[in-house]
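Enquirer: 3D, please:
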Amino acid sequence: MVGVGFSGKSTLAKQIAENKKAVLVSQDDVWFEKEKEWEINEDSDEDWERVIKISEQKVKEFLMQGKSVVFDHLNHQLGHREGLRKIADECGAKAVVIYLDTPQKVREERKNKNLKTQERHDVKQDYLDEAITELEVPKENEKVFVFKPETNLQDFLEKLP
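Expert: Numbering: from 1, shown residues only. Predicted structure coming up:
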């Protein structure tokens, strides 16, 4: 999964995992699991790196068991995606990239709605802006599947391996 905050990654990741009978590994879930145990500081790059390493290890463990995995994380930089492809290769699995191409207006609407409903945790605007600035949109050679808000979900799921 590749996309910035409020692009719909977590929602789509859950739908893909359910449809494909895959294991969902969510960086957010790992964060909240470890938050209590470690007294995590959300502004600490070191804490984020630890969470990402644990998430990647979970991905690797499930792939080694022969299971398909959907990894719900920003994955907004090419280097990180290449690291995940390497993990998949080591496990004899194929990696595909799903890029959520969600317009800024839609992301802002979702963020504002969430501020009212509190359906999910909020994300600091600085973090959202940083991810947008650092986003390296996946290229065709990454075996990318693009999902937009107007994309028909069922058609999209049928196209995925």
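
Enquirer: wouldn't W38 be in contact with S44 here?
Expert: No. W38 is beyond contact range of S44, at 9.8 Å (criterion: C-beta atoms under 8 Å). For glycine as for every other residue, the C-beta is placed from the backbone atoms N, C-alpha and C.

Enquirer: how close does S7 get to K111?
Expert: 11 Å (C-beta to C-beta, to the nearest Å).

Enquirer: which of these two has more neighbours?
Expert: Using other C-beta atoms under 10 Å as the criterion, S7 and K111 rank with S7 on top: 27 against 15.

Enquirer: Surely the more buried one touches L100?
Expert: Yes. In this structure, S7 is within contact of L100 by C-beta under 8 Å, at 4.1 Å.

Enquirer: Now do R110 against P138, distance only.
Expert: 21 Å.

Enquirer: Equivalent analysis for M64, please.
Expert: Per C-beta to C-beta, M64 is found 25 Å from P138.

Enquirer: before we move on, what about C91?
Expert: 21 Å.

Enquirer: Same question for V23.
Expert: Distance, V23 to P138, by C-beta to C-beta: 22 Å.

Enquirer: So those two - more neighbours on which side?
Expert: P138 (20 against 17).

Enquirer: On the pLDDT front, check the more buried one for me.
Expert: Predicted confidence (pLDDT) for P138: 98.

Enquirer: Make sure it is indeed in a strand.
Expert: No. P138 sits outside any strand when classified using DSSP: H, G, I helix; E, B strand; the rest coil, being coil.

Enquirer: Isn't it up against V144?
Expert: Yes. Here P138 reaches V144: they are 4.2 Å apart, a contact under C-beta under 8 Å.

Enquirer: Which elements pack onto the helix or strand of the chain with the lowest mean pLDDT?
Expert: Ranked by mean pLDDT, DSSP states H and E, the weakest helix or strand in the chain is helix 27-38, scoring a mean of 86. Counting contacts by 3 or more C-beta pairs under 8 Å, 6 or more residues apart in numbering; DSSP states H and E, helix 27-38 packs against helix 45-64, strand 69-72.
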